[in-house]
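**Student:** Quick one, fold the following:
(2 chains)
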Amino acid sequence: MFAIQPTSAEPIYRQIVEQLRRLIAGGQLVAGELLPSVRDVAGFHAINPMTVSRAYGMAETEGLLERLRGKGMAVAATTRSTATQAQRMALLEPQLQDLARHARELELPGDAVLRRLGRLLEE
Amino acid sequence: MNAVLRSITDHDAAPLAVHKLTHGYEDGLVLAGIDLTLLQGSVLGLIGRNGAGKSTLIRAMVGLLKPDSGEARLFGEPALKLSDSVKARLAYVPQQPEALAWLTAQQMFDYVGRFYPSWDASFAKTKLREWGILPNKVLGKLSPGERQRVDLIRALASQPSLLILDEPAAALDPVARRDLLREIALRAGEAGTTVLFSTHIVSDLERVASDIAFLHEGKLLQCAVDETKERFARLWLPASMTAAAPSNTLGKTRHADGSLSLVIERRADGSWPEAARLPGARVDALGLEDLFVEIAG
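**Tutor:** Numbers count the residues shown, from 1 in each chain, chains lettered A, B, ... in the order given. The predicted model follows:
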C-alpha cells in the first residue's frame, strides 16, 4: 500500500508518514480502516520492521492513527476523512515549490506553466 | 559470586564490540584503530571501496585473523577465544566459502546442523529449492555464487543471534537478493538477530540497515541511516557567493561556471549553516550513495 524508495534522500519512515498524511487527508483511508501489520509492510518491501514501527508510532503521535487492542493500527476515529482545504494545500507545498524551482531553472514563463497545470488538473 | 557477576556482565555484553583494532599488511595499514559497537537487533551495513579492508575487518571480528593490536569481542568474549556456546550463536558467511567441498549441500546441512541447537532443517530444504541449488551436487562442483548461496542458507538455518555476511549480494540474483534482505530485516526486527553485512549496493543497505559504517582510509565512520539522511545536504553556491563558502566541508567542488557545490551538515539546533541562506544558494537533498561518493571519492 505504500510506495517506498530506499534510495531517496528522504528516510523510509518519513516516506510512510507522508503517504499516510496524504491518503487520510484525501479520504482514501477512512476512520477505523485497519492498516497492514508492521510485519506485512516490512516483509513486502524487505525493509526493517523497526522503520515501519517508527512510522506508525509517529503517525499515532500525530493523531493520524490509533492502536486498536488486538487488531493493530487503524485510522484514527477523530481524523475527519477530509481535512480543511488549507491543510490539504499544505501537503502539496513541497511539490509546488519543486515545480516552481524547476520552472525558473528552465526559464519558462509562469502563465505557460499554469496553463499546462490547469489542463492536467482538468483531466 | 564471581561467576554470578560474570554471567550478568556476559549477558549484558554487546553482540559485537570492536576496540582500537589495528591491522596492516606489507603495503601499509588497512585498519587504523577501529571502534565499533553493535547493539542487539541492529542491522549494520558496512560499506567501503574495493580494498578498503572490509573483509579484513570482518575476519578479525569473527576471530579468523589476529589483528596487530586491539580486539574484537563477541557477546563479551574475545573473538580469538570463543567458547562453543558463543560459536553456536554466531553465523559467518565469507565471500568465498571453501570448507567441506567433498560433501553435497544436503550432507553438509545434515552434518553442521547437529552442532546448532536450533537448526531449522525445513527452512534449509525450502531455501535450497528456492535459490536453485541441487541438494545432491557436491559443493566443490558448484559455482562460487552457488557456493555462497549454500553458505547463506546454512547461516540462516542455524538461527544465529549474530549474523555476519561478507558481500552476500554478489552471489544472488535480484529475486533471491530481495529474499535475503527480507530474511535479514524480519529476523532483526522480530527475533532480535544482530546483523552485520558488507556491501557495494547502497540501496540494499538503505532498505534494511539501521546503521551504516563507512570504512575509509583505515577509519570507520558509523552513523544511523535515517539521521544521516536528514543531517547532510548538498549546497550549491553561485560564482558570486563562493567567497562566503564554509571551510572544512566534504566534497567541495568548483564547477566550470565558477559556482561551487559542497556538503553541509545541520547544526545542533537543526538549522543549516549560514551559507545556505546566501542569495542564489540552493540546498539539495543528498542520498546515502552520493554522500558515500563524497566521502570516499
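**Student:** secondary structure class for the spatially most distant residue from the centre of chain B?
**Tutor:** What lies farthest from the middle of chain B is residue B:240; by C-alpha atoms, centre = their mean that is 42.2 Å. When classified by DSSP: H, G, I helix; E, B strand; the rest coil, residue B:240 comes out as helix.
**Student:** For the stretch 101-250 of chain B, just list every one of the strands.
**Tutor:** Secondary structure of the stretch 101-250 of chain B (DSSP state E, counting those that start in this stretch): strands at B:162-166, B:194-198, B:211-216, B:219-224, B:232-237.
**Student:** Tell me who's in contact with residue B:230.
**Tutor:** Neighbouring residues of residue B:230 by C-beta atoms under 8 Å, 6 or more residues apart in numbering or on different chains: A:11, B:266. (Each C-beta comes from the backbone N, C-alpha and C, glycine too.)
**Student:** Recalculate using a threshold of 6 Å.
**Tutor:** Going by C-beta atoms under 6 Å, 6 or more residues apart in numbering or on different chains, residue B:230 touches no other residue.
**Student:** cool, the one 3 residues further on as well?
**Tutor:** For residue B:233, the contact set (C-beta under 6 Å, 6+ apart) comprises B:264, B:283, B:286.
**Student:** Could you give me the PyMOL syntax to select whichever of these are buried?
**Tutor:** The buried residues among the contacts of residue B:233 can be selected in PyMOL (16 or more other C-beta atoms under 10 Å in any protein chain shown) with this line:
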select buried, chain B and resi 264+286
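**Student:** quick check, nearest of the contacts of residue B:233 to chain A?
**Tutor:** residue B:286 (5.7 Å; C-beta to the nearest C-beta).
**Student:** hang on, the earlier thing: kindly identify which of the contacts of residue B:233 also come near chain A.
**Tutor:** Near chain A, judged by C-beta under 6 Å from any C-beta of the partner chain, the entries from the contacts of residue B:233 are residue B:286.
**Student:** So which of the contacts of residue B:233 are in helices?
**Tutor:** Within the contacts of residue B:233, no residue falls in helices by DSSP state H.
**Student:** Let me see the domain layout of chain A.
**Tutor:** Domain ranges of chain A: A:12-75, A:85-122, per automatic domain parsing.
**Student:** Quick check, pLDDT for residue A:100.
**Tutor:** According to the prediction, residue A:100 has pLDDT 89.
**Student:** Ignore what I typed, I meant residue B:168.
**Tutor:** pLDDT, residue B:168: 90.
**Student:** Okay, it and chain A: tell me how far apart.
**Tutor:** 13 Å (C-beta to the nearest C-beta, to the nearest Å).
**Student:** mind listing what that residue touches?
**Tutor:** Going by C-beta under 6 Å, 6+ apart, residue B:168 touches B:152, B:197.
**Student:** So the residue nearest to residue B:62 when sequence neighbours are not counted: helix, strand or coil?
**Tutor:** Leaving aside its sequence neighbours, residue B:62 sits nearest to residue B:92 (C-beta to C-beta, 6 or more residues apart in numbering or on different chains; 4.6 Å). Three-state assignment for residue B:92 (three-state DSSP): strand.
**Student:** if I look at residue B:92, how far off is residue B:58?
**Tutor:** Distance from residue B:92 to residue B:58, counting by C-beta to C-beta, to the nearest Å: 8 Å.
**Student:** Which of the two has more residues huddled nearby?
**Tutor:** More crowded of residue B:92 and residue B:58, by other C-beta atoms under 10 Å in any protein chain shown: residue B:58, with 24 against 21.
**Student:** In what element of secondary structure is that one found?
**Tutor:** Per DSSP states H and E, residue B:58 falls inside helix B:54-61.
**Student:** Just the angle for that helix relative to strand B:194-198, thanks.
**Tutor:** Orientation of helix B:54-61 against strand B:194-198 (axes from the mean of the first three to the mean of the last three C-alpha atoms, to 10 degrees) gives an angle of 150 degrees.
**Student:** Can you name every helix or strand that helix B:54-61 contacts?
**Tutor:** Applying 3 or more C-beta pairs under 6 Å, 6 or more residues apart in numbering or on different chains; DSSP states H and E, we find helix B:54-61 packed against no helix or strand.
**Student:** How far away from the center of its chain is it?
**Tutor:** Centre-to-centre, helix B:54-61 and its host chain are 10 Å apart (C-alpha atoms, centre = their mean, to the nearest Å).
**Student:** What residues sit buried inside that helix?
**Tutor:** B:54-61.
**Student:** Report all helices and strands that the next helix-or-strand element following it contacts.
**Tutor:** Following helix B:54-61 in sequence order, the next helix or strand is strand B:69-74 (DSSP H and E). With contacts taken as 3+ C-beta pairs under 6 Å, 6+ apart, strand B:69-74 sits against strand B:16-25.
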